[in-house]
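Participant: Only the shape, not the letters, is given here:
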(Lines give C-alpha, C1' and ligand atoms only; values in the text may rest on other atoms or scores of the structure.)
Protein backbone atom coordinates (compact mmCIF):
# COMPACT_ATOMS: atom_id res chain seq x y z
CA UNK A 1 0.00 0.00 0.00
CA UNK A 2 1.41 3.41 -0.97
CA UNK A 3 0.69 6.73 0.72
CA UNK A 4 1.80 10.30 0.20
CA UNK A 5 2.69 10.51 3.90
CA UNK A 6 2.99 7.96 6.68
CA UNK A 7 2.89 9.37 10.21
CA UNK A 8 4.28 7.32 13.09
CA UNK A 9 2.26 7.90 16.25
CA UNK A 10 -1.34 8.97 16.88
CA UNK A 11 -0.45 11.52 19.52
CA UNK A 12 -1.39 15.18 19.38
CA UNK A 13 1.37 16.17 16.95
CA UNK A 14 0.83 13.24 14.59
CA UNK A 15 -2.92 13.75 14.44
CA UNK A 16 -2.54 17.49 13.85
CA UNK A 17 -0.04 16.91 11.05
CA UNK A 18 -2.43 14.38 9.54
CA UNK A 19 -5.38 16.78 9.61
CA UNK A 20 -3.37 19.54 7.99
CA UNK A 21 -2.17 17.26 5.19
CA UNK A 22 -5.58 15.68 4.66
CA UNK A 23 -7.08 19.13 4.07
CA UNK A 24 -4.83 19.42 1.03
CA UNK A 25 -5.76 16.03 -0.41
CA UNK A 26 -2.68 14.14 0.70
CA UNK A 27 -3.22 10.44 1.18
CA UNK A 28 -2.16 10.02 4.81
CA UNK A 29 -1.89 6.97 7.06
CA UNK A 30 -1.17 7.23 10.79
CA UNK A 31 0.21 4.08 12.40
CA UNK A 32 -0.05 3.75 16.18
CA UNK A 33 1.44 0.96 18.24
CA UNK A 34 -1.14 1.09 21.00
CA UNK A 35 -4.90 0.99 21.27
CA UNK A 36 -5.33 4.55 22.58
CA UNK A 37 -4.94 7.89 20.83
CA UNK A 38 -3.10 10.81 22.39
CA UNK A 39 0.37 9.47 23.18
CA UNK A 40 1.62 11.26 26.30
CA UNK A 41 -1.77 12.93 26.65
CA UNK A 42 -4.31 10.17 26.64
CA UNK A 43 -6.91 8.67 28.98
CA UNK A 44 -7.94 5.26 30.24
CA UNK A 45 -10.87 3.70 32.06
CA UNK A 46 -10.89 1.61 35.25
CA UNK A 47 -14.12 0.52 36.97
CA UNK A 48 -16.15 3.00 34.97
CA UNK A 49 -13.94 5.99 35.77
CA UNK A 50 -11.89 7.80 33.16
CA UNK A 51 -8.42 9.03 34.10
CA UNK A 52 -6.39 11.56 32.15
CA UNK A 53 -2.76 10.68 31.47
CA UNK A 54 -0.38 13.60 31.41
CA UNK A 55 -2.99 16.35 31.29
CA UNK A 56 -2.67 18.69 34.23
CA UNK A 57 -3.44 21.69 32.07
CA UNK A 58 -3.78 22.82 28.50
CA UNK A 59 -1.23 25.63 28.49
CA UNK A 60 -1.29 28.51 25.97
CA UNK A 61 -4.87 29.35 26.87
CA UNK A 62 -6.00 32.67 25.42
CA UNK A 63 -9.41 34.39 25.14
CA UNK A 64 -11.09 34.66 21.72
CA UNK A 65 -9.95 38.25 21.10
CA UNK A 66 -6.28 37.22 21.10
CA UNK A 67 -6.21 36.09 17.48
CA UNK A 68 -2.41 36.00 17.28
CA UNK A 69 -2.09 33.57 20.23
CA UNK A 70 -0.96 29.98 19.59
CA UNK A 71 -4.41 28.61 20.47
CA UNK A 72 -6.10 30.83 17.89
CA UNK A 73 -3.52 29.92 15.24
CA UNK A 74 -4.03 26.23 15.98
CA UNK A 75 -7.81 26.44 15.64
CA UNK A 76 -7.50 28.24 12.31
CA UNK A 77 -4.99 25.78 10.91
CA UNK A 78 -7.11 22.77 11.89
CA UNK A 79 -10.44 24.46 11.11
CA UNK A 80 -11.75 23.80 14.60
CA UNK A 81 -13.82 25.97 16.93
CA UNK A 82 -13.21 26.84 20.56
CA UNK A 83 -16.24 24.77 21.48
CA UNK A 84 -14.53 21.70 19.99
CA UNK A 85 -12.12 21.90 22.95
CA UNK A 86 -14.53 23.46 25.51
CA UNK A 87 -11.67 24.89 27.58
CA UNK A 88 -12.35 26.07 31.13
CA UNK A 89 -9.87 28.43 32.80
CA UNK A 90 -7.95 27.79 36.01
CA UNK A 91 -8.93 29.56 39.21
CA UNK A 92 -5.34 30.27 40.22
CA UNK A 93 -2.13 28.33 40.71
CA UNK A 94 0.78 28.61 43.13
CA UNK A 95 4.53 28.20 43.38
CA UNK A 96 5.49 27.21 46.94
CA UNK A 97 9.06 27.47 48.21
CA UNK A 98 10.25 27.65 51.83
CA UNK A 99 8.73 30.78 53.40
CA UNK A 100 7.52 32.12 50.04
CA UNK A 101 4.55 31.66 47.75
CA UNK A 102 3.72 33.18 44.39
CA UNK A 103 0.22 32.97 42.96
CA UNK A 104 -0.47 33.31 39.26
CA UNK A 105 -3.49 33.05 36.99
CA UNK A 106 -4.36 33.59 33.35
CA UNK A 107 -3.85 37.31 33.96
CA UNK A 108 -0.17 38.24 34.25
CA UNK A 109 -1.19 41.17 36.48
CA UNK A 110 -1.55 38.80 39.44
CA UNK A 111 2.00 37.47 39.11
CA UNK A 112 3.34 41.00 38.71
CA UNK A 113 1.60 42.01 41.94
CA UNK A 114 2.90 38.94 43.76
CA UNK A 115 6.49 39.54 42.65
CA UNK A 116 6.29 43.22 43.62
CA UNK A 117 5.03 42.29 47.10
CA UNK A 118 7.42 39.43 47.84
CA UNK A 119 10.46 40.58 45.86
CA UNK A 120 10.21 44.38 45.92
CA UNK A 121 13.85 44.82 44.94
CA UNK A 122 13.16 42.92 41.70
CA UNK A 123 9.75 44.42 40.88
CA UNK A 124 11.00 46.68 38.09
CA UNK A 125 13.45 44.03 36.87
CA UNK A 126 10.61 41.57 36.54
CA UNK A 127 8.49 44.02 34.57
CA UNK A 128 11.40 44.57 32.17
CA UNK A 129 11.86 40.81 31.82
CA UNK A 130 8.18 40.36 30.98
CA UNK A 131 8.41 43.09 28.35
CA UNK A 132 11.51 41.45 26.86
CA UNK A 133 9.75 38.09 26.71
CA UNK A 134 6.65 39.59 25.10
CA UNK A 135 8.81 41.09 22.34
CA UNK A 136 10.97 37.97 21.85
CA UNK A 137 10.23 35.94 18.70
CA UNK A 138 10.46 32.37 19.98
CA UNK A 139 8.88 30.93 16.81
CA UNK A 140 12.09 31.29 14.81
CA UNK A 141 13.49 27.85 14.00
CA UNK A 142 17.11 29.00 13.55
CA UNK A 143 17.93 30.23 17.06
CA UNK A 144 21.03 28.73 18.66
CA UNK A 145 21.16 27.39 22.23
CA UNK A 146 21.61 29.85 25.09
CA UNK A 147 21.40 28.68 28.70
CA UNK A 148 18.50 30.34 30.52
CA UNK A 149 19.95 30.57 34.04
CA UNK A 150 22.86 32.94 33.20
CA UNK A 151 20.50 35.21 31.27
CA UNK A 152 18.04 35.29 34.16
CA UNK A 153 20.85 36.10 36.59
CA UNK A 154 21.63 39.13 34.43
CA UNK A 155 17.99 40.26 34.56
CA UNK A 156 16.99 39.46 38.16
CA UNK A 157 18.83 39.97 41.45
CA UNK A 158 17.14 37.54 43.85
CA UNK A 159 18.19 33.90 43.26
CA UNK A 160 14.98 32.57 44.81
CA UNK A 161 12.80 34.49 42.36
CA UNK A 162 14.74 32.90 39.51
CA UNK A 163 14.26 29.43 41.01
CA UNK A 164 10.55 30.00 41.59
CA UNK A 165 9.95 31.16 38.03
CA UNK A 166 11.90 28.20 36.65
CA UNK A 167 10.11 25.57 38.76
CA UNK A 168 6.77 25.36 36.83
CA UNK A 169 8.46 26.03 33.50
CA UNK A 170 10.96 23.21 33.88
CA UNK A 171 8.41 20.81 35.35
CA UNK A 172 6.15 21.42 32.36
CA UNK A 173 8.63 21.45 29.53
CA UNK A 174 12.35 20.99 30.06
CA UNK A 175 14.06 17.88 28.72
CA UNK A 176 17.36 19.24 30.04
CA UNK A 177 18.51 18.77 33.62
CA UNK A 178 19.38 21.80 35.79
CA UNK A 179 18.94 24.37 33.01
CA UNK A 180 17.17 24.92 29.70
CA UNK A 181 17.45 26.78 26.42
CA UNK A 182 16.45 30.43 26.81
CA UNK A 183 14.17 30.31 23.77
CA UNK A 184 12.42 27.31 25.30
CA UNK A 185 12.18 29.25 28.57
CA UNK A 186 10.51 32.14 26.72
CA UNK A 187 8.06 29.80 25.01
CA UNK A 188 7.11 28.19 28.29
CA UNK A 189 6.97 31.53 30.16
CA UNK A 190 4.48 32.77 27.59
CA UNK A 191 2.42 29.59 27.68
CA UNK A 192 2.24 29.39 31.50
CA UNK A 193 2.39 32.96 32.79
CA UNK A 194 1.24 35.18 29.90
CA UNK A 195 -1.41 32.85 28.47
CA UNK A 196 -2.21 30.39 31.22
CA UNK A 197 -3.98 27.15 32.07
CA UNK A 198 -7.26 25.65 30.99
CA UNK A 199 -8.85 22.21 30.87
CA UNK A 200 -11.47 20.68 28.56
CA UNK A 201 -14.77 20.11 30.34
CA UNK A 202 -14.57 16.34 29.79
CA UNK A 203 -10.82 16.05 30.11
CA UNK A 204 -8.34 15.27 27.35
CA UNK A 205 -10.74 12.88 25.61
CA UNK A 206 -12.67 15.96 24.43
CA UNK A 207 -9.68 17.15 22.40
CA UNK A 208 -8.72 13.67 21.20
CA UNK A 209 -12.21 12.88 19.94
CA UNK A 210 -12.41 16.22 18.11
CA UNK A 211 -9.13 15.83 16.23
CA UNK A 212 -9.57 12.13 15.44
CA UNK A 213 -13.03 12.88 14.03
CA UNK A 214 -11.64 15.75 11.96
CA UNK A 215 -8.80 13.61 10.55
CA UNK A 216 -11.10 10.76 9.54
CA UNK A 217 -13.75 13.12 8.13
CA UNK A 218 -11.14 14.45 5.71
CA UNK A 219 -10.12 11.03 4.43
CA UNK A 220 -7.26 10.19 6.78
CA UNK A 221 -6.55 6.57 7.66
CA UNK A 222 -5.51 5.39 11.12
CA UNK A 223 -4.18 1.95 11.95
CA UNK A 224 -4.23 1.28 15.68
CA UNK A 225 -2.24 -1.51 17.37
CA UNK A 226 0.12 -1.26 14.44
CA UNK A 227 3.72 -0.93 15.59
CA UNK A 228 6.59 -0.06 13.26
CA UNK A 229 9.40 -2.61 13.21
CA UNK A 230 11.75 -0.77 10.83
CA UNK A 231 12.08 2.09 8.39
CA UNK A 232 13.11 1.00 4.92
CA UNK A 233 16.01 3.19 3.74
CA UNK A 234 17.36 3.46 0.22
CA UNK A 235 20.31 5.81 -0.13
CA UNK A 236 19.40 9.02 1.68
CA UNK A 237 15.65 8.50 1.64
CA UNK A 238 13.02 6.47 3.45
CA UNK A 239 10.96 4.44 1.02
CA UNK A 240 8.58 2.80 3.46
CA UNK A 241 7.92 1.25 6.85
CA UNK A 242 7.86 -2.39 7.85
CA UNK A 243 5.20 -3.08 10.43
CA UNK A 244 5.55 -5.50 13.32
CA UNK A 245 3.08 -7.72 11.47
CA UNK A 246 5.56 -8.01 8.59
CA UNK A 247 3.51 -5.88 6.23
CA UNK A 248 5.33 -3.10 4.38
CA UNK A 249 3.80 0.28 3.57
CA UNK A 250 5.50 2.65 1.14
CA UNK A 251 5.29 6.44 1.10
CA UNK A 252 6.84 9.58 -0.35
CA UNK A 253 7.40 11.10 3.11
CA UNK A 254 7.51 9.82 6.69
CA UNK A 255 6.81 12.01 9.72
CA UNK A 256 7.60 10.48 13.10
CA UNK A 257 6.44 11.61 16.52
CA UNK A 258 8.24 8.72 18.21
CA UNK A 259 11.30 10.79 19.17
CA UNK A 260 14.51 11.43 17.25
CA UNK A 261 16.69 8.70 18.74
CA UNK A 262 13.82 6.21 18.72
CA UNK A 263 13.07 7.00 15.07
CA UNK A 264 16.66 6.81 13.87
CA UNK A 265 17.09 3.44 15.55
CA UNK A 266 14.33 2.13 13.33
CA UNK A 267 16.61 2.75 10.35
CA UNK A 268 18.65 -0.30 11.30
CA UNK A 269 22.05 0.97 10.14
CA UNK A 270 24.68 1.66 12.80
CA UNK A 271 25.41 4.94 11.08
CA UNK A 272 22.09 6.25 12.34
CA UNK A 273 22.69 5.42 15.99
CA UNK A 274 22.53 8.60 18.05
CA UNK A 275 24.79 9.56 20.91
CA UNK A 276 23.75 8.55 24.43
CA UNK A 277 23.55 12.17 25.61
CA UNK A 278 20.68 12.77 23.19
CA UNK A 279 18.46 10.43 25.22
CA UNK A 280 16.40 12.33 27.79
CA UNK A 281 16.46 11.52 31.50
CA UNK A 282 13.39 13.33 32.85
CA UNK A 283 10.60 10.99 33.91
CA UNK A 284 7.82 11.01 36.49
CA UNK A 285 5.73 9.04 38.94
CA UNK A 286 2.16 10.22 39.37
CA UNK A 287 -0.43 9.11 41.91
CA UNK A 288 -4.12 9.91 41.48
CA UNK A 289 -6.76 9.80 44.22
CA UNK A 290 -10.50 9.97 43.56
CA UNK A 291 -12.24 11.63 46.51
CA UNK A 292 -15.77 11.67 47.89
CA UNK A 293 -15.52 15.48 48.14
CA UNK A 294 -13.92 18.09 45.96
CA UNK A 295 -10.57 19.56 47.03
CA UNK A 296 -12.27 22.97 47.44
CA UNK A 297 -14.76 21.43 49.88
CA UNK A 298 -11.76 20.17 51.84
CA UNK A 299 -10.13 23.62 51.88
CA UNK A 300 -7.81 23.52 48.83
CA UNK A 301 -8.69 26.08 46.14
CA UNK A 302 -5.56 26.22 43.96
CA UNK A 303 -5.78 24.56 40.56
CA UNK A 304 -2.11 23.54 40.40
CA UNK A 305 0.66 23.88 42.99
CA UNK A 306 4.35 23.58 42.11
CA UNK A 307 6.26 22.96 45.34
CA UNK A 308 9.92 22.77 46.24
CA UNK A 309 11.37 22.23 49.73
CA UNK A 310 14.72 24.01 49.27
CA UNK A 311 15.96 27.44 48.24
CA UNK A 312 17.21 26.05 44.93
CA UNK A 313 15.15 23.92 42.59
CA UNK A 314 17.03 20.72 41.71
CA UNK A 315 15.57 19.62 38.40
CA UNK A 316 17.26 16.33 37.53
CA UNK A 317 16.73 12.60 37.48
CA UNK A 318 16.96 11.51 41.14
CA UNK A 319 19.33 8.82 42.37
CA UNK A 320 16.44 7.14 44.19
CA UNK A 321 13.16 5.88 42.74
CA UNK A 322 11.49 9.26 43.32
CA UNK A 323 12.48 12.75 44.43
CA UNK A 324 10.17 13.75 47.27
CA UNK A 325 11.62 17.24 47.68
CA UNK A 326 9.60 18.82 44.88
CA UNK A 327 6.54 18.06 42.83
CA UNK A 328 3.23 19.12 41.32
CA UNK A 329 -0.23 18.95 42.85
CA UNK A 330 -3.12 19.18 40.39
CA UNK A 331 -6.81 19.38 41.25
CA UNK A 332 -8.96 19.19 38.07
CA UNK A 333 -12.06 20.23 40.04
CA UNK A 334 -10.46 23.64 40.58
CA UNK A 335 -11.03 24.80 37.02
CA UNK A 336 -13.99 27.08 36.44
CA UNK A 337 -16.88 25.26 34.81
CA UNK A 338 -15.96 21.90 36.34
CA UNK A 339 -18.81 21.87 38.83
CA UNK A 340 -20.35 18.92 36.99
CA UNK A 341 -17.53 16.62 38.11
CA UNK A 342 -19.25 14.28 40.54
CA UNK A 343 -16.10 13.29 42.43
CA UNK A 344 -13.00 15.07 43.59
CA UNK A 345 -9.59 14.34 42.08
CA UNK A 346 -6.17 14.95 43.65
CA UNK A 347 -3.02 14.26 41.60
CA UNK A 348 0.58 14.37 42.82
CA UNK A 349 3.58 14.14 40.48
CA UNK A 350 7.25 13.59 41.39
CA UNK A 351 10.46 13.30 39.39
CA UNK A 352 11.50 9.65 39.08
CA UNK A 353 14.43 7.44 38.07
CA UNK A 354 13.56 5.31 35.04
CA UNK A 355 16.47 2.88 35.39
CA UNK A 356 15.63 2.03 39.00
CA UNK A 357 11.97 1.45 38.21
CA UNK A 358 12.83 -0.72 35.20
CA UNK A 359 15.29 -2.75 37.30
CA UNK A 360 12.62 -3.98 39.72
CA UNK A 361 11.14 -7.45 39.37
CA UNK A 362 7.35 -7.69 39.47
CA UNK A 363 7.13 -8.31 43.20
CA UNK A 364 9.50 -5.46 44.04
CA UNK A 365 7.68 -3.21 41.56
CA UNK A 366 4.35 -3.81 43.30
CA UNK A 367 5.99 -3.21 46.68
CA UNK A 368 7.51 0.09 45.59
CA UNK A 369 4.22 1.26 44.10
CA UNK A 370 2.57 0.64 47.48
CA UNK A 371 5.39 2.55 49.18
CA UNK A 372 4.91 5.44 46.76
CA UNK A 373 1.22 5.49 47.52
CA UNK A 374 1.98 5.80 51.23
CA UNK A 375 4.33 8.70 50.50
CA UNK A 376 1.59 10.19 48.37
CA UNK A 377 -0.74 10.30 51.37
CA UNK A 378 1.98 11.71 53.61
CA UNK A 379 2.81 14.48 51.13
CA UNK A 380 -0.84 15.07 50.25
CA UNK A 381 -1.66 15.95 53.85
CA UNK A 382 0.38 19.14 53.38
CA UNK A 383 -2.36 20.32 51.02
CA UNK A 384 -5.41 18.36 52.21
CA UNK A 385 -4.99 17.39 55.89
CA UNK A 386 -7.89 14.91 55.75
CA UNK A 387 -6.96 13.48 52.35
CA UNK A 388 -6.80 9.78 53.24
CA UNK A 389 -10.21 9.53 54.87
CA UNK A 390 -11.89 10.90 51.73
CA UNK A 391 -10.22 8.58 49.21
CA UNK A 392 -12.56 6.43 47.14
CA UNK A 393 -9.90 4.81 44.94
CA UNK A 394 -6.36 5.39 43.69
CA UNK A 395 -4.20 4.69 40.69
CA UNK A 396 -0.66 5.58 39.64
CA UNK A 397 1.79 5.41 36.78
CA UNK A 398 5.58 5.15 36.77
CA UNK A 399 8.38 5.51 34.21
CA UNK A 400 7.73 1.89 33.28
CA UNK A 401 4.20 2.87 32.29
CA UNK A 402 5.46 5.82 30.25
CA UNK A 403 8.01 3.67 28.43
CA UNK A 404 5.45 0.97 27.71
CA UNK A 405 2.84 3.27 26.19
CA UNK A 406 5.05 5.84 24.44
CA UNK A 407 8.20 3.90 23.57
CA UNK A 408 10.28 6.85 24.85
CA UNK A 409 13.72 5.68 25.91
CA UNK A 410 14.34 6.25 29.65
CA UNK A 411 10.62 6.95 29.97
CA UNK A 412 11.62 10.50 29.01
CA UNK A 413 8.46 12.59 29.11
CA UNK A 414 10.02 15.50 27.23
CA UNK A 415 12.26 13.47 24.96
CA UNK A 416 15.79 14.46 24.01
CA UNK A 417 17.47 17.59 25.40
CA UNK A 418 18.64 18.29 21.85
CA UNK A 419 15.63 19.65 19.96
CA UNK A 420 15.42 19.75 16.16
CA UNK A 421 13.22 22.75 15.58
CA UNK A 422 13.11 22.38 11.81
CA UNK A 423 12.20 18.69 12.17
CA UNK A 424 14.97 17.53 9.84
CA UNK A 425 16.86 14.24 10.10
CA UNK A 426 19.84 12.93 8.05
CA UNK A 427 17.31 11.43 5.63
CA UNK A 428 15.84 13.82 3.10
CA UNK A 429 12.20 12.79 3.45
CA UNK A 430 12.08 11.75 7.12
CA UNK A 431 10.96 14.44 9.58
CA UNK A 432 10.40 14.67 13.33
CA UNK A 433 7.38 16.27 14.96
CA UNK A 434 6.25 16.43 18.56
CA UNK A 435 8.42 16.33 21.64
CA UNK A 436 11.83 16.18 19.94
CA UNK A 437 10.93 18.90 17.47
CA UNK A 438 10.61 21.17 20.50
CA UNK A 439 7.05 22.55 20.78
CA UNK A 440 5.65 21.17 24.04
CA UNK A 441 2.29 20.87 25.74
CA UNK A 442 -0.94 19.92 24.03
CA UNK A 443 -1.21 23.13 22.00
CA UNK A 444 2.52 23.10 21.28
CA UNK A 445 2.47 19.46 20.18
CA UNK A 446 -0.32 20.09 17.69
CA UNK A 447 1.43 23.21 16.40
CA UNK A 448 4.56 21.09 15.99
CA UNK A 449 2.73 18.68 13.69
CA UNK A 450 1.21 21.56 11.75
CA UNK A 451 4.58 23.32 11.42
CA UNK A 452 6.33 20.25 10.02
CA UNK A 453 3.49 19.50 7.60
CA UNK A 454 3.43 23.10 6.36
CA UNK A 455 7.20 23.56 6.18
CA UNK A 456 8.31 20.34 4.54
CA UNK A 457 5.30 19.14 2.55
CA UNK A 458 2.64 21.72 1.83
CA UNK A 459 5.11 24.53 1.11
CA UNK A 460 6.69 22.34 -1.58
CA UNK A 461 3.47 22.04 -3.54
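Facilitator: Received, thanks. Model, not experiment: these values are computed from the prediction.
Participant: now the strands for the stretch 101-250 of the chain?
Facilitator: 198-200, 221-223, 228-234, 237-243, 248-256 (DSSP state E, counting those that start in this stretch).
Participant: distance of the spatially most distant residue from the centre of the chain from residue 404?
Facilitator: Relative to the centre of the chain, the most outlying C-alpha is that of residue 235, 34.5 Å out, by C-alpha atoms, centre = their mean. Per C-beta to C-beta, to the nearest Å, residue 235 is found 34 Å from residue 404. The C-beta positions use only the backbone N, C-alpha and C, and glycine is treated the same way.
Participant: Show me this protein divided up by domain.
Facilitator: 2-58+202-278+417-460, 102-195, 281-406 (automatic domain parsing).
Participant: Can you pull out the low-pLDDT segments for the stretch 201-350 of the chain?
Facilitator: 269-277, 339 (pLDDT under 70).
Participant: what ranges do the helices span in it?
Facilitator: 204-217, 260-265 (DSSP state H, counting those that start in this stretch).
Participant: so which of those is the most packed in?
Facilitator: helix 260-265 (a mean of 23; mean count of other C-beta atoms under 10 Å).
Participant: got the contact list for that one?
Facilitator: 8, 231, 256, 272-274, 278-279, 407-409, 415-416, 418, 420, 425-426, 430, 432, 436 (C-beta atoms under 8 Å, 6 or more residues apart in numbering).
Participant: roughly how far is that helix from the heart of the chain?
Facilitator: Here helix 260-265 is found 19 Å from its chain centre; the criterion is C-alpha atoms, centre = their mean, to the nearest Å.
Participant: next one: stretch 441-458
Facilitator: 15 Å.
Participant: before we move on, back to that, quick check: which of the helices of the stretch 201-350 of the chain is nearest to residue 372?
Facilitator: Shortest distance between residue 372 and the helices of the stretch 201-350 of the chain, using C-beta to C-beta, is found for helix 204-217: 23.3 Å.
Participant: which residues touch the closest one?
Facilitator: Counting by C-beta under 8 Å, 6+ apart, 10, 12, 15-16, 18-19, 22, 30, 37-38, 41-43, 50, 52-55, 58, 78-80, 84-86, 200, 222, 442, 446 sit against helix 204-217.
Participant: Give me the subset of the residues you listed that lies in strands.
Facilitator: 30, 42, 43, 50, 52, 53, 200, 222 (DSSP state E).
Participant: how about these, which pair is most distant?
Facilitator: Most distant of these, by C-beta to C-beta, are 30 and 50, 22.8 Å apart.
Participant: more crowded one of those two?
Facilitator: Ranked by neighbour count (other C-beta atoms under 10 Å), residue 30 and residue 50 place residue 30 first, with 27 against 12.
Participant: residue contacts, the more buried one?
Facilitator: With C-beta under 8 Å, 6+ apart, residue 30 has these contacts: 6-10, 14-15, 18, 215, 220-223.
Participant: any idea which of those residues is closest to residue 92?
Facilitator: residue 15 (31.3 Å).
Participant: Give me the distance between that closest one and residue 215.
Facilitator: 6 Å.
Participant: Residue 449 now?
Facilitator: 11 Å.
Participant: which residues are common contacts for those two?
Facilitator: 15, 18.
Participant: what about residue 81, neighbour count?
Facilitator: 10.
Participant: need the contacts of residue 30 in TSV with distance to residue 350, can you?
Facilitator: Below are the contacts of residue 30 laid out as TSV (distance: C-beta to C-beta, whole Å):
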residue	distance to residue 350
6	37
7	33
8	30
9	26
10	28
14	28
15	29
18	34
215	35
220	38
221	39
222	34
223	35
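Participant: Please spell out the PyMOL selection for the buried subset of the residues you listed.
Facilitator: One line in PyMOL is enough to select the buried ones among the contacts of residue 30; burial here means 16 or more other C-beta atoms under 10 Å:
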select buried, resi 6+7+8+9+10+14+15+18+215+220+221+222+223
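Participant: So which of the contacts of residue 30 is the closest to residue 388?
Facilitator: Of those, the one sitting nearest to residue 388 (C-beta to C-beta) turns out to be residue 10, at 37.6 Å.
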